[in-house]
Structures are given as structure tokens and as C-alpha cells.
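K.L.:
return a 3D structure for these sequence lines:
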Amino acid sequence: MDSHTHIMPPGLERGLNPRVEASPDELRRQMKEAGVSKAAIYAMVQKGQPDSMRAYNDYILDLAAGAEDFFAVASVHPLDGDVALEEVARVAEKGAKALKLHPFFQGFEIDDPGVGAVVKAAGENGLAVIFDSINAKDGGATGKFVDLAIANPDTKIVLAHMAGYRFDEMILFSVFAKGPFYKNNVYFDLSAIAQIYSGGGSSLLKRTSPRKEELLWTIREIGIDQFLFGSDFPIYDLQSSREATESYDFTEEELRKLMHDNAVAVFGLE
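P.N.:
Sure thing, here's the model as predicted:
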């Protein structure tokens, strides 16, 4: 199961990657090639565009409705106030499983009160919240995510890309999990990061990174139950993403959890 893919609206399919269409047909082709049976399909919206937001979310929701191979991840802009909160309730009622928020792309601070309000509303409506967690401009992002998780114990939060080159900071969640305040409600997807540090193939690096073993150690210290497989289609293709993930020294049980069981639990899938 791929927990991180993007489908762009009709006419904008090459908006994320000019070489690959972010379309349902191309995603399904890659899923078949990679042996992936189900994928989260993401929307991502901008501030102050309520009509566009609803149209994009409805496109994603309609693609997932009745489909066995897709599940919908809608989006709101957390600085849109009541409009965002109303959309959270609407997409949950229509079958979304999660929300996607992107501090860098959408232009908001993680500790903005509007973000907390959306995260709280998501939990109340049975939705997980997926954050892009790579933000080179915010050196304090990890602490802000900790605060957000503690303040919203009933919301499952997924940090996509495991904070990228700052993945070592995620060990902080393992430390907090030993105490009474943090309810272990933060999860991580390995989209992009598994590719980057695996080396070779379509990785950004030509050789295996010396941090590959550190990444594996960090995953296991936090606990494999907190991790999800993801590709970040169309930025990365599914086949090479799966191969990169499987190149780490995971056991069969760990791979089963990464590739299926954990996503079922996080997103409430059947």
C-alpha cells in the first residue's frame, strides 16, 4: 500500500513533475508494475480559494468513491478559518481518510492557532492529518510537531518524508513516548527519504549514504508500528520506491507492517 501519492486536477497533470503525469491512469499503471494494490491519493490547496478547494477535493473523493485501489486524502488551508473547518467536516462525511497540509507549499507556520484548530477538527471527524515535514526554513519544526501532537492526542499525525535530512531529530518522539503526556499519535512515511539514502537506481545519490544504517536504526528505535511506505508519486515512481525501501534490512514482518498493516490502522481502512 502506498500512503503518499499526488493526483493533479485535469489539465494540470504535469504540474508537479513535467516528465510524469500525476493522473489516475499513470498511477494505476505504476501500481500494477510495482505490485501495489492500494494508494492514498492527495489533494493540496492554496489559501483563500474555497471554490477551487472544494472542486479539487471533490475530484479526489470521486476518484476514490467505490474504488478498491484508491483512498482519498483531502486538503484545506489552515489559515482559512471557519471555511477550512467546515471543509474538514464535509470531506470526512464524503469518505476522506485524511487531510494533507504542507507548511512550505501552503505558507503557514506549524504553531499557528489555525493549524491546531484544523488538527483538532480532523481528529473529531475521524481523519488523520499528513504534514509535509521537510522545511529548511524552520529549524524548530520538530518541537512544534511535538507540541501539536501532545495538544491533540486524539488525532493521528503523519509526518511525511520523516523530516528529510533531519530524520535523526525524530528520535525525540521515542523519548516522549516513554512519558505520560505524549500518546504516540505521530507516524512517519518513508516517501522520498528511503530513496534518497538508499543510493543507486533513481536515488538522488549515486552511492549508498553512510546514513542509511542510521535511518534504519532510528526507525527501529521509534518503532516499526509508526511507519508507512510511500512513494511521493509523481516525484518518484512506485517501483523504484518499493525497491529502495526493500533494500533496507527490514524483516518480513517489518515489511508487512510498512507496506500494509500500519496504513490500515492509521487511516481506518478495511
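
K.L.:
break down the chain into its helices, ranges please.
P.N.:
Under the criterion DSSP state H, the chain contains helices at 24-34, 50-64, 82-93, 103-106, 113-124, 141-151, 171-176, 193-198, 212-222, 238-246, 252-256, 262-267.

K.L.:
so which of these comes closest to Met162?
P.N.:
Comparing the helices of the chain by their distance to Met162 (CB to CB), the top pick is helix 193-198, with 5.0 Å. Where C-beta positions appear, they are placed from N, C-alpha and C, glycine not excepted.

K.L.:
chain center to stretch 215-234, what's the gap?
P.N.:
How far stretch 215-234 lies from its chain's middle: 11 Å, per CA atoms, centre = their mean, to the nearest Å.

K.L.:
looking at the helices of the chain, which is nearest to Glu13?
P.N.:
helix 24-34 (7.9 Å).

K.L.:
ok, the nearest residue to Ile224 once chain neighbours are set aside to Tyr248 distance?
P.N.:
Nearest residue to Ile224, sequence neighbours excluded (CB to CB, 6 or more residues apart in numbering): Glu254, at 4.9 Å. Counting by CB to CB, to the nearest Å, the gap from Glu254 to Tyr248 is 9 Å.

K.L.:
for Glu21, same thing?
P.N.:
Glu21 is 29 Å from Tyr248, by CB to CB.

K.L.:
and Gly201, what pLDDT?
P.N.:
For Gly201, the pLDDT comes out at 46.

K.L.:
likewise for the one 4 residues further on?
P.N.:
The model reports Leu205 with a pLDDT of 53.

K.L.:
and Ile157, by the same measure?
P.N.:
pLDDT, the model's per-residue confidence, is 98 for Ile157.

K.L.:
report the contact partners of it.
P.N.:
Neighbouring residues of Ile157 by CB atoms under 8 Å, 6 or more residues apart in numbering: Val119, Ala128, Val129, Ile130, Phe131, Phe145, Leu148, Ala149, Asn185, Val186, Tyr187.

K.L.:
so what pairs up with it in the strands?
P.N.:
Here Ile157 shows beta-bridge partners Val129, Val186, assigned using DSSP bridges.

K.L.:
quick check: phi and psi at Pro234.
P.N.:
The phi and psi values for Pro234, taken as degrees, to the nearest 10, are phi -90, psi 10.

K.L.:
and it, how many residues sit next to it?
P.N.:
Counted with other CB atoms under 10 Å, the neighbours of Pro234 add up to 25.

K.L.:
right, and it touches Glu21 too?
P.N.:
Yes: contact criterion CB atoms under 8 Å: Pro234 and Glu21 qualify, at 6.9 Å.

K.L.:
tell me what the worst-scoring helix or strand of the chain on mean pLDDT is packed against?
P.N.:
One helix or strand of the chain scores below all others by mean pLDDT, DSSP states H and E: helix 193-198, with a mean of 92. Here helix 193-198 touches helix 212-222, helix 238-246, going by 3 or more CB pairs under 8 Å, 6 or more residues apart in numbering; DSSP states H and E.

K.L.:
tell me the most buried of the ones you listed?
P.N.:
Burial of these is given as mean neighbour count (mean count of other CB atoms under 10 Å); helix 238-246 ranks first at a mean of 21.

K.L.:
what's the burial count for the nearest residue to Phe70 once chain neighbours are set aside?
P.N.:
Distances taken as CB to CB, 6+ apart place Ala64 nearest to Phe70, at 4.3 Å, with adjacent residues excluded. Ala64 has 24 neighbouring residues, counting by other CB under 10 Å.

K.L.:
what's near enough to touch Ala64?
P.N.:
Residues near Ala64 by CB under 8 Å, 6+ apart: Ile41, Phe70, Phe71, Ala72, Gly95.

K.L.:
which ones are touching Gly116?
P.N.:
Going by CB under 8 Å, 6+ apart, Gly116 touches Leu148, Ala151, Asn152.

K.L.:
sketch out the low-pLDDT regions of the stretch 51-200 of the chain for me.
P.N.:
In the predicted model of the stretch 51-200 of the chain, residues 136, 200 satisfy pLDDT under 70.
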